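[1] Sequence first, then the predicted structure:
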Amino acid sequence: MAQLSVMIPVKNGMPYLKSTIASTLFAMPRDSELLVMDDGSTDGTGEFLAGVRDKRLKVFRNEESVGVAAAGTALLGHASGEHVARMDGDDICLPWRFSVERRALKGADIVFSPMLLISARNLPFRPQLERGLSIDAVPLHLLLGNVLANPTMYATRAALESLNGYQKTHAEDYDMWLRAATLGLRMRRLDALPTVLYRRHSSQLSRSRPWDRKSDDVVLEQSFQALAEAAIGFKGSASTVLYNRPRSNQPYPTDPDIQDFASGVLEASARLPKGDRRILQARLRAIYRL
């Protein structure tokens with residue numbers, strides 16, 4: 001059994017996939033496997049992958065695209081490692097990533113780490129400070145939005161298998177972390193060096209599907225509702241909270257469910273240690289009027 005399985009679902013990943021594969025293989029331990037799902041690519045992705053000479057690389061292909069959620073779940077089914085990690089097909093893995101995250105997994109089920117943003121031409125954006133988030137704080141932060149970067153995920157395979165993979169939703173990664181928190185899986189975001197260079201470019205999938213503008217995602221609403229009930233006892237409308245986040249360029253929403261939700265998060269934050277409480281409350285007050 002491999003120590004680590006790194007999973008990359010990709011569709012039409014050229015030209016960025018070349019640096020993704022090279023950097024990930026360089027960072028991986030010898031006792032590991034790199035699993036790539038070519039999800040119906042038509043741009044030479046398959047030909048490139050066929051030419052990579054590394055016995056740790058295992059390539060799977062869908063002749064027709066099934067989408068990133070189904071492709072990611074299929075890769076989890078192929079994984080044999082005790083631990084699993086994710087990469088996106090257009091990012092760059094930094095050399096120390098897996099050693100840092102493997103050590104940090106002690107006492108947790110899933111860990112995430114900071115990223116640095118780069119452009120299509122590998123130019124860095126101004127670094128944004130990402131504070132570490134404790135196991136106790138993560139569920140409450142998730143109620144305010146997705147604070148966990150899927151391309152930096154490192155977990156026990158057992159933890160992800162307990163979630164039965166990704167669900168078909170506009171935000172499959174956010175949905176998975178909501179379900180993980182409801183299930184009681186221990187998640188933390190590290191206060192450490194960045195481990196991934198996260199590429200922003202015009203054809204990026206995450207930029208083409210703003211989930212919080214869809215307002216019709218029953219799967220995501222159910223996952224959000226379950227965590228909101230478990231973490232703060234909220235029984236109002238999940239869709240109202242999800243799709244009516246206060247925005248600076250729009251009138252402040254007046255639905256009472258929104259105020260009840262914000263007050264519930266504030267009350268729950270009092271249970272956190274002082275440092276965690278300060279970070280969460282600052283984020284909460286930046287969004288809601290309290």
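    Thanks, I have the structure now. Worth saying up front: this structure is predicted, and the values here are computed from it rather than measured. Numbers count the residues shown, from 1 in each chain.
[2] And for residue 281, the neighbour number?
    Residues lying near residue 281 (other CB atoms under 10 Å) number 16. Quick note: C-beta positions are derived from backbone N, CA and C, even for glycine.
[3] which ones are touching it?
    Under the criterion of CB atoms under 8 Å, 6 or more residues apart in numbering, the neighbours of residue 281 are 266, 269.
[4] Pull the distance from whichever strand or helix holds it to the chain's centre.
    Residue 281 is located in helix 274-287, with elements delineated by DSSP states H and E. Centre-to-centre, helix 274-287 and its host chain are 21 Å apart (CA atoms, centre = their mean, to the nearest Å).
[5] got it, and stretch 97-110?
    Going by CA atoms, centre = their mean, where stretch 97-110 is centred and where its chain is centred differ by 15 Å.
[6] Counting by contacts, list what the helix or strand hosting residue 265 packs against.
    Using DSSP H and E, residue 265 falls within helix 256-269. Contacts defined by 3 or more CB pairs under 8 Å, 6 or more residues apart in numbering; DSSP states H and E place helix 256-269 against helix 138-142, helix 218-232, helix 238-243, helix 274-287.
[7] With respect to burial, which of the ones you listed scores highest?
    helix 138-142 (a mean of 24; mean count of other CB atoms under 10 Å).
[8] any idea of the mean pLDDT in that helix?
    The average of the pLDDT scores along helix 138-142 is 98.
[9] what's that helix packed up against?
    The criterion is 3+ CB pairs under 8 Å, 6+ apart, and the helices and strands that helix 138-142 contacts are helix 172-183, strand 187-189, helix 218-232, helix 256-269, helix 274-287.
[10] Just give me the neighbour total for residue 267.
    The number of residues packed near residue 267 is 11, by other CB under 10 Å.
[11] Okay, strands next: where are they in the stretch 1-150 of the chain?
    4-10, 32-39, 57-62, 83-86, 92-93, 110-112, 115-118 (DSSP state E, counting those that start in this stretch).
[12] Touching the fourth one from outside, list them.
    This means strand 83-86. 3-8, 72, 76, 97-98, 101-102, 105, 150-157, 160.
[13] Of those, which belong to helices?
    Mapping the contacts of strand 83-86 onto helices (DSSP state H) picks out 72, 76, 97, 98, 101, 102, 157, 160.
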